[in-house]
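Asker: Mind folding the following:
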Amino acid sequence: MNLSLYLLIALLLACAPRVDAQRVVVDPAIAGSAQAAVQRLGLERMKGNFRYGQDRMYPRWKRRLAKRLGGMDKIEQQFLAGEQQRIKMGLVVTEYRAGAPRAFFDVWRAKKLDAKTGKPIADASGHEIIVGHWLAVVPTITRVKLPDRQQGGKIRELEEQSYTIAICEKGSNDWYFLTGMEPTVQDLRSLFPSLPLDEKELGLPMPSAREIK
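Answerer: As a prediction, the model looks like this:
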């Protein structure tokens, strides 16, 4: 292949329109499944079960964090350190509510893997099955109480509004989460390149916190 043909192909690729995943409308049962899964994640956190959040971490995100932090064991150490810090501060989670998902995207197509062996699953004709994945943006509200040591241990109550990113293989209702470290918009787009470039289209709620008087 000559140089001019290489250049022509490169030009065509550069000019090709980007195909972004748009928000999709899903069956109410799927939205309810995502909401219930995030609610359980929050309840497990309330009980101090940091292992649950680690076990339900989206595998591709877990591998990325492990590389970023220096190994899989570092992820567990981070979860444990967070729990120990919570205990040290005297922080108690009193309420956790997962809301209805604000946005859904069809983001990822990959080989369907056997849950036990991790090997690709083939259909009756021997072809490997390819499945899509849902990404849900689920808003959350967390209320906590903690002593204010600068005011003689006076108990203060705070409310935080945030969100959780939940991902599941279509048809499974088996949800995983981007936990362990809050992903940036760049992290999300790196994991799922088809997500919209316009941040408003992502539907991410603006995190906020306030004191409950």
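Asker: Could you count how many residues lie near Glu83?
Answerer: Neighbour count for Glu83, taken as other C-beta atoms under 10 Å: 16. C-beta coordinates here come from the backbone N, C-alpha and C atoms, glycine included.
Asker: Now it. Nearest residue, chain neighbours left out?
Answerer: For Glu83, the nearest residue in space outside its immediate sequence neighbours is Phe50; the separation is 4.8 Å by C-beta to C-beta, 6 or more residues apart in numbering.
Asker: How about Asp174?
Answerer: In space, and not counting its chain neighbours, Asp174 is closest to Cys168: 5.8 Å by C-beta to C-beta, 6+ apart.
Asker: show me where the protein has strands.
Answerer: All strands of the chain, identified by DSSP state E, fall at 92-98, 103-111, 130-148, 154-169, 175-177, 208-212.
Asker: Pick out the shakiest of those, pLDDT-wise.
Answerer: When the strands of the chain are compared on mean pLDDT, strand 103-111 scores lowest, with a mean of 86.
Asker: Just the buried positions in it, please.
Answerer: Residues of strand 103-111 classed as buried: 103-108 (neighbour count, 16 or more other C-beta atoms under 10 Å).
Asker: next one: stretch 80-92
Answerer: Of the residues in stretch 80-92, those buried under the neighbour-count criterion (16+ other C-beta under 10 Å) are 83, 86.
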